[in-house]
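Return a 3D structure for these sequence lines:
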Amino acid sequence: MSRRTFVTILIVIFFLILIVFGIIFYLSTTGKITTFLSPKTSTNNGSSNFDFNSNQDGELQANPANIAEPAANNTPIRPDEIPALRHIYKDPVAGAGFAYIQHKYSTTSINNKQVVITETVPLIRIVDRAKGYIFETATSTLFNTRITNTTVPKTYESLFGIDGNGVLLRTLANDSDTIVSYFGRVKSKFPETITSTTTSSTTGKTTVTTLIAATTTYSSVPDSYSITGDFLSNNIKILTLSPDTNKLFYLSTSEGGATGITLDLLTGQKTAIFSDILTQWNAQWGSADVVTISNLPSGISDGAAYSFNVKTRVLSRLVGPFVGLTALSSQVVNNNTLTLIGRAENDLLTLSSFNEKNKSLVQLALKTLPEKCVWSKKTEGLAYCAVPKTIPIGTYPDAWYQGFVSFNDDIWSINVITGETRIKQRFVAIKPEQQIDGINLMLNKTEDYLIFTNRNDLSLWGLRLINPPKPLPITSTASTTGTSSTVR
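Residues are numbered from 1 along each chain as shown. Reported below is the predicted structural model:
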């Protein structure tokens, strides 16, 4: 090939490239072409993990238009503007829970007398995994307020007790293998009442008057709470809260076996109520008097679930042995307890419901692990679960526990009595690292809101299940510690 021919070919290729890029630029600027190399982004809150799609039932799936991200500032927002699906806290959390704060304020009655009103304010409280700070928010706002400034580095687990007015923090001592557990009351630094003392100049009589704050709204004031409590025993591996969140059951192990202890979070009283020579147990406090105890599950060994009555201290076998058995018991309804049973069969997961009254074990249509579910306390037999779209073949639950398998979940409800299942939220992830692997599901008392943690990145999510929150006033008020978010 001659030099002139070679140069001519290069020139032709150069102009062809220019023409191709010109066409792409024109189409992209006129909106006639979109890229598939990156996820769609939201114009308000930055990038989102999910693409827009609709399923065969016509339901909207997670996408930037219907995911609420945390707000950068406390801009007032109407509750009906908050999408059902909310990414509550984007950094890793050690735990979260619902809190119910008693807010008192004074007002004047129609008889022109001062009366004291006490309102219960529902909130969501979150423990930051890196620093141990507690944050607070509500279902009617997108703003998170840090309410404690006590640093507890590397808080790996936390639980909220006493209706969110107490917190259990768990970490490792000086990065060793020693597990340290601390429970404290979350108390406001500002008193609800102010005592005023006046002395009459004529009679010399002293009058003590108790004044109550006149604000009719509860304010999430930055760094306005402190944590006061005490340490529990070291190396507690398994613990569980009672359904009313006022007591804790935990297993303390030694060379002689395991000892089960209840701790009254209101009084601090500890009572040893269980002992066994075995140490490898799981525990879940499902109903007021019954803790479900099961062998640590493995896909290569049998396990059984037991019912332990904390009052009579009687241990009874519920179900098993089964390979890879895990269990989640419900509240006692009509003198009956329902238990979700997870089993490993042929390297796959199955989910069943065990009816304690008639001793029946019925396999369910959904396939997931019981620890990815939460029971309703209002509707008998109803549970909400994070359900994997697909379950790869593996040794379960070991493969999931050890992190070799991560699931891509949707949120479902199932009534184990009627067998009815309903999809509550579908997720469509563009990349594997953007999938939702739901754990630690919790319902609020009215059961119209569900929170859960994404095991993949430990961020916190919320899902409104029934109706939008009531229109609560949200204002910004100046305080000595910063801006506060105010919700009724």
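
Output the contacting helices and strands for the helix or strand hosting Val387.
Val387 is part of strand 382-388, with elements assigned from DSSP states H and E. Where contact means 3 or more Cβ pairs under 8 Å, 6 or more residues apart in numbering; DSSP states H and E, strand 382-388 is packed against strand 373-375, strand 409-415, strand 438-443. The way it works is simple: take the backbone N, C-alpha and C, and place the C-beta from them, glycine included.

Partner strands of the next helix or strand after the longest one and their direction?
Toward the C-terminus, strand 409-415 is succeeded by strand 421-425 as the next helix or strand (DSSP H and E). Applying DSSP bridges to the sheet, strand 421-425 is found paired with strand 409-415 (antiparallel).

Name the residues of the strand it pairs with that are buried.
Under the neighbour-count criterion of 16 or more other Cβ atoms under 10 Å, strand 409-415 has 409-415 buried.

cool, and stretch 228-240?
229, 232, 236, 238-240.

quick one: which of those sit in strands?
229, 238-240 (DSSP state E).

Export those residues as CSV, with columns for pLDDT and distance to Arg129.
Listed next are these as CSV, based on pLDDT from 0 to 100; distance: Cβ to Cβ, whole Å:
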residue, pLDDT, distance to Arg129
Gly229, 92, 19
Ile238, 90, 20
Leu239, 92, 18
Thr240, 94, 20
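
from those residues, which two are the most distant?
Gly229 and Ile238 (20.3 Å; Cβ to Cβ).

for Leu382, what are its contacts?
375-376, 413-416 (Cβ atoms under 8 Å, 6 or more residues apart in numbering).

Arg170 now?
Arg170 neighbours (Cβ under 8 Å, 6+ apart): 94, 155-158, 179-182, 236.

Kindly recompute the last result at 7 Å.
Arg170 sits next to 155-158, 179-181 when contact means Cβ atoms under 7 Å, 6 or more residues apart in numbering.

where does it land on pLDDT?
Note for Arg170: predicted pLDDT of 94.

do Thr209 as well
Value for Thr209, per-residue pLDDT: 52.

now do Phe6
pLDDT, read off for Phe6, is 57.

quick one: Tyr225 from Gly164, how far?
The gap separating Tyr225 from Gly164 is 11 Å, by Cβ to Cβ, to the nearest Å.

whoops, Ser294 was the one
Counting by Cβ to Cβ, the gap from Ser294 to Gly164 is 28 Å.

which one of those two has more residues nearby?
More crowded of Ser294 and Gly164, by other Cβ atoms under 10 Å: Ser294, with 24 against 21.

Tell me the bridge partners for Asp413.
Careful, residue 413 is Ser; it's not Asp. Tyr384, Arg422.

pretty sure it contacts Tyr384?
Yes - judged on Cβ atoms under 7 Å, Ser413 makes contact with Tyr384 at a distance of 5.2 Å.

Please enumerate the shared neighbours of these two.
Going by Cβ under 7 Å, 6+ apart, residues that sit against Ser413 and also against Tyr384 are Lys424.

So what's the gap between stretch 381-401 and the chain middle?
Remark: stretch 381-401 is offset 18 Å from the chain centroid, using Cα atoms, centre = their mean, to the nearest Å.

Where does pLDDT dip in the stretch 301-450 of the chain?
429-433 (pLDDT under 70).

those helices in it, which residues are they?
Taking DSSP state H, counting those that start in this stretch to define them, one finds helices in the stretch 301-450 of the chain at 398-401.

residue ranges of the strands in it, please?
Assigned by DSSP state E, counting those that start in this stretch, the strands in the stretch 301-450 of the chain fall at 302-309, 315-323, 326-329, 338-345, 348-355, 360-363, 373-375, 382-388, 409-415, 421-425, 438-443, 449-454.

can you redo those as TSV with distance to Gln284?
Converted to TSV, these look like this (distance: least, Cβ to Cβ, whole Å):
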stretch	distance to Gln284
strand 302-309	9
strand 315-323	12
strand 326-329	6
strand 338-345	9
strand 348-355	14
strand 360-363	18
strand 373-375	10
strand 382-388	13
strand 409-415	18
strand 421-425	23
strand 438-443	13
strand 449-454	17
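
So which of these is nearest Tyr401?
Comparing those under Cβ to Cβ, the one sitting nearest is strand 326-329, at 9.8 Å.

Parallel or antiparallel, list what pairs with the closest one.
strand 338-345 (antiparallel).

buried residues in the partner strand?
Those would be 338-344, for strand 338-345 by 16+ other Cβ under 10 Å.

got it, and stretch 374-389?
Buried-residue list, stretch 374-389, by 16+ other Cβ under 10 Å: 374-376, 380-388.

quick one: which two of these are the most distant?
Glu380 and Pro388 (26.1 Å).

Name the nearest residue to Arg464, ignoring sequence neighbours.
Residue nearest to Arg464 in three dimensions, not counting chain neighbours: Ala84, with 4.3 Å by Cβ to Cβ, 6 or more residues apart in numbering.

Kindly indicate which of the ones in strands among the buried residues of stretch 228-240 lies nearest Ile134.
Gly229 (13.0 Å).

can you list the contacts of Leu382 in CSV and add distance to Ser329?
Compiled in CSV, those are given as follows (distance: Cβ to Cβ, whole Å):
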residue, distance to Ser329
Trp375, 8
Ser376, 13
Ser413, 18
Ile414, 16
Asn415, 16
Val416, 12
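
rewinding a little: for the residue nearest to Arg464, grab the count of nearby residues.
Neighbours of Ala84 (other Cβ under 10 Å): 18.

wait, doesn't it sit right on Leu463?
Yes - counting by Cβ under 7 Å, Leu463 is a contact partner of Ala84 at 6.3 Å.

Look up how far Ser406 lies from the closest residue to Lys372 other than its chain neighbours.
In space, Lys372 comes closest to Ala386 once its chain neighbours are excluded; the distance is 4.3 Å by Cβ to Cβ, 6+ apart. Computed as Cβ to Cβ, the Ala386 to Ser406 distance reads 12 Å.
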